[in-house]
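Give me coordinates for this.
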Amino acid sequence: MDLLLENLDLVIFVVLLCLGYSAGSWAERNHYKAIEAREQELLDMAVVTAEGSFPKNNVTQAVLVTGNAVVSIDYFKRLLAILRNIFGGRVKSYESLVDRARREAILRMKTAAKEQGANMIVNLRLETAAIGRNANQKKQIGSVEAIAYGTAVRLNRP
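This next block holds a predicted model:
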């Protein structure tokens, strides 16, 4: 017991680190579950990266639709990424951050297209940027913004 009290700062640091890891992992798991459920709901909305070419009089409406998402990284993952930068290699904590932001942006774009009554989205484009107070400084990433945009097309179906 005396050993714990003598190293109270270290104990508090380890407890906060474990708490941060648990909370961040829980939030990420819940976000992935929500993304997968919404992807299933919007599965019938086709999205292609190619420019669309349709027979004359088959398109009744074509509008630009966008979706964006900003996802922040938690301190535990940031710490792991800093450690990974020392040794090199894949930074999985940043990969899941960018994956979640892109998938969320596409889902929001699909939702906007569905609200317009569109059947599909053509010419999908994705942009990703680091934002936040420390973005592009000290080689740290605060948050990632992903923007998805494309042309929502409503087809004239028989």
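
Return the residues in contact with the spatially closest residue to residue 90 that is not a sequence neighbour.
Leaving aside its sequence neighbours, residue 90 sits nearest to residue 84 (CB to CB, 6 or more residues apart in numbering; 7.6 Å). All C-beta atoms are positioned from the backbone trio N, CA, C, and that covers glycine. Residue 84 makes contact with 90, 91, 93 under the criterion CB atoms under 8 Å, 6 or more residues apart in numbering.

By neighbour count, which of those wins?
Counting neighbours by other CB atoms under 10 Å, the top entry in these is residue 93, with 19 neighbours.

does that residue really touch residue 81, like I thought?
Yes. Here residue 93 reaches residue 81: they are 5.2 Å apart, a contact under CB atoms under 8 Å.

Can you check which residues contact both of the two?
residue 73.

can you give me the helices in the protein?
Secondary structure of the chain (DSSP state H): helices located at 2-6, 8-41, 75-87, 92-115.

Show me which parts of the longest one are buried, residue by residue.
Read that as helix 8-41. Residues of helix 8-41 classed as buried: 20, 21, 24, 28, 35, 38 (neighbour count, 16 or more other CB atoms under 10 Å).

I'd like the average pLDDT over that helix.
For helix 8-41, the mean pLDDT works out to 90.
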